[in-house]
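> Fold the following.
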Amino acid sequence: MLDYGDLRVTTIYHRSQRLRLTPLRRDHMDELSRWPKFNTLDMQWANFFPTNIVQKNRWFKDNTGGRKLWFAGERTSDNWRTSELICRISLTIPIHGEDIIFGIVVHPNLLERGLGTKFTQMILAAIASKTTASGVWLETHHTNKRAQHVYEKVGFENFGYSYHKGFTPDHDQFLNYRISRNRMEKLDSVVMVLNDANA
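This next block holds a predicted model:
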């Protein structure tokens, strides 16, 4: 089973940037609360709503550990002295079934720069090498074309629609995506992972 130790120092270079996956920490809550809000209907679910210390502490306690793992995608300086939180990733281990459930949110001001694609490749390559999961599953709103492009580029396959009644009256349709272990294993040749002892 995947745990935080497997990804603690996963680092890659992307377009002259040093990108790192680490376990989400309590201090990341403060950064998340400063992110601009997503305004479009299909992305409002991705906003981070806790604002005060009590809410942030409760969110962190309730959402880390157990069957859910949260990771921070950071952009760091070469000397590791500064880092910036640029995405958050969730992995949920289901009670039944062998697929891990995946979610990712990239900073609203950093979309369409290839960062979501690269962090998705990083986490999938790690899942393939560190777990026995048969695949990874996700869903995205049917109007979220940007996310659909990322998932299909990485290797996810669309396998139909699902509906969440009550999401909004006219916006309850979601696309389901899955990537198999075989496809994830091929990402090892795409993702140049550096395990940096200084991370």
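> which helices and strands sit right next to the longest helix seen in the chain?
Using DSSP state H to define each element, the chain has its longest helix at helix 115-130. Applying 3 or more C-beta pairs under 8 Å, 6 or more residues apart in numbering; DSSP states H and E, one finds that helix 115-130 contacts strand 10-14, strand 17-23, strand 68-76, strand 83-92, strand 99-106, helix 145-154, helix 181-186. In short, each C-beta sits where N, CA and C put it, glycine included.
> can you list contacts of the fifth one?
For strand 99-106, the surrounding residues in contact (C-beta atoms under 8 Å, 6 or more residues apart in numbering) are 2, 46, 73, 86-94, 115-116, 119-120, 123-124, 127, 131, 133-138, 178.
> and if you look at the fourth one?
Contacts with strand 83-92, where a contact means C-beta under 8 Å, 6+ apart, come from 2, 20-21, 24, 28, 31-32, 63, 67-77, 100-107, 110, 115-116, 119, 123, 127.
> What's opposite the residue lying closest to P94 once chain neighbours are set aside in the beta bridge?
Nearest residue to P94, sequence neighbours excluded (C-beta to C-beta, 6 or more residues apart in numbering): I101, at 6.2 Å. Beta-bridge partners for I101, by DSSP bridges, are T92, W137.
> follow-up on the earlier one: chain center to the longest helix of the chain, what's the gap?
With C-alpha atoms, centre = their mean, to the nearest Å as the basis, helix 115-130 stands 9 Å off its chain's centre.
> got the CA positions of it in PDB?
C-alpha atoms of helix 115-130 as PDB (Å, rounded to 0.1, in the frame of the first residue of the first chain):
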ATOM      1  CA  LEU A 115       2.300  21.500 -14.300                       C
ATOM      2  CA  GLY A 116      -0.900  19.500 -13.800                       C
ATOM      3  CA  THR A 117       0.300  17.000 -16.500                       C
ATOM      4  CA  LYS A 118       3.800  16.700 -14.900                       C
ATOM      5  CA  PHE A 119       2.500  16.200 -11.300                       C
ATOM      6  CA  THR A 120       0.000  13.700 -12.600                       C
ATOM      7  CA  GLN A 121       2.700  11.700 -14.300                       C
ATOM      8  CA  MET A 122       4.800  11.800 -11.200                       C
ATOM      9  CA  ILE A 123       2.200  10.500  -8.900                       C
ATOM     10  CA  LEU A 124       1.100   7.800 -11.300                       C
ATOM     11  CA  ALA A 125       4.600   6.500 -11.900                       C
ATOM     12  CA  ALA A 126       5.000   6.300  -8.100                       C
ATOM     13  CA  ILE A 127       1.800   4.400  -7.700                       C
ATOM     14  CA  ALA A 128       2.900   1.900 -10.400                       C
ATOM     15  CA  SER A 129       6.200   1.300  -8.700                       C
ATOM     16  CA  LYS A 130       5.200   1.400  -5.000                       C
END
